[in-house]
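Peer 1: dropping a prediction and its sequence here:
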Amino acid sequence: MAEASPSKSKSFVPENAYFRAFLNDKAIGWHHYEFTPIEDGYLLESSANYRVKILGLTVYRYQHYSKERWVNGCLQAISSDTDDNGEAFMVRSGQTDNGLEIVTEKDRVQAPDCLKSFAYWSPDLLQDGVLMNSQNGELETVAISKSKQGTSENLLIEGDDISVSLQFEQGRWVSLSAAAPGGRTLKYLEQGKGKAAGE
């Protein structure tokens, strides 16, 4: 697998990304990714809100908000809170003498050098190895395959209980497809350059 370009992975600041979320073909909410440049990197704010309804009744609800600090292509800090249908998750980070420590409601884990989360917004950051789940702080071993056709690039991320497909157009992330419980599919489709009204 080709190595990521040092100049792009270290200094590149992604465009803000705003997605509509679908379960199979039914709209269930949204997920926004907003980036602020800092020296040698950027800050990410990620927020998501889903509701699955049956006959007008909400049967599943998901809310997520996280802040990540990326410097020179490595995750330097994270603060994340998630409500997954009533189950609460939190992830925090702190610097120790041994480097970055990840703290969750259940555990404290010493992070590997140059930790990365599931940085869907940047194909250059996604490489085979270990990625951190920003919802629960778990470190996941994954394999990543990439293919190109014209100006389009597709990435497939696979691991234990993980199968995520990403699509990029001219380097811009435009869609996501992931396996969901019950044989269903979670999809993200780019909604444009800004948030929709009410989001």
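Peer 2: Nice, I can see it.
Peer 1: mind listing the strands for the chain?
Peer 2: Here the chain has its strands, by DSSP state E, at 17-23, 26-38, 41-54, 57-71, 74-84, 87-96, 99-104, 108-110, 129-132, 139-149, 152-159, 162-169, 172-180, 184-192.
Peer 1: need those strands in CSV (columns: mean pLDDT).
Peer 2: CSV is the format used below for those (pLDDT from 0 to 100):
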stretch, mean pLDDT
strand 17-23, 97
strand 26-38, 97
strand 41-54, 96
strand 57-71, 96
strand 74-84, 97
strand 87-96, 94
strand 99-104, 94
strand 108-110, 92
strand 129-132, 93
strand 139-149, 94
strand 152-159, 95
strand 162-169, 95
strand 172-180, 94
strand 184-192, 92
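Peer 1: with mean neighbour count and distance to Ser117 added, can I get those in CSV?
Peer 2: Placement of C-beta: from N, CA and C, glycine included. Shown next, in CSV, are those (neighbours: other CB atoms under 10 Å; distance: least, CB to CB, whole Å):
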stretch, mean neighbour count, distance to Ser117
strand 17-23, 19, 15
strand 26-38, 16, 12
strand 41-54, 17, 9
strand 57-71, 16, 6
strand 74-84, 18, 6
strand 87-96, 14, 9
strand 99-104, 16, 10
strand 108-110, 13, 14
strand 129-132, 19, 5
strand 139-149, 13, 10
strand 152-159, 16, 12
strand 162-169, 17, 13
strand 172-180, 16, 15
strand 184-192, 16, 16
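Peer 1: out of the ones you listed, nearest to Ser122?
Peer 2: With CB to CB, the closest approach to Ser122 among the strands of the chain belongs to strand 172-180: 8.0 Å.
Peer 1: so what are the sheet partners of the closest one and their directions?
Peer 2: Partner strands for strand 172-180, per DSSP bridges, with pairing direction: strand 162-169 (antiparallel), strand 184-192 (antiparallel).
Peer 1: one step back: can I get the strands of the chain in JSON lines including distance to Trp121?
Peer 2: Below are the strands of the chain laid out as JSON lines (distance: least, CB to CB, whole Å):
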{"stretch": "strand 17-23", "distance to Trp121": "6"}
{"stretch": "strand 26-38", "distance to Trp121": "6"}
{"stretch": "strand 41-54", "distance to Trp121": "8"}
{"stretch": "strand 57-71", "distance to Trp121": "10"}
{"stretch": "strand 74-84", "distance to Trp121": "13"}
{"stretch": "strand 87-96", "distance to Trp121": "18"}
{"stretch": "strand 99-104", "distance to Trp121": "21"}
{"stretch": "strand 108-110", "distance to Trp121": "24"}
{"stretch": "strand 129-132", "distance to Trp121": "13"}
{"stretch": "strand 139-149", "distance to Trp121": "15"}
{"stretch": "strand 152-159", "distance to Trp121": "11"}
{"stretch": "strand 162-169", "distance to Trp121": "9"}
{"stretch": "strand 172-180", "distance to Trp121": "5"}
{"stretch": "strand 184-192", "distance to Trp121": "11"}
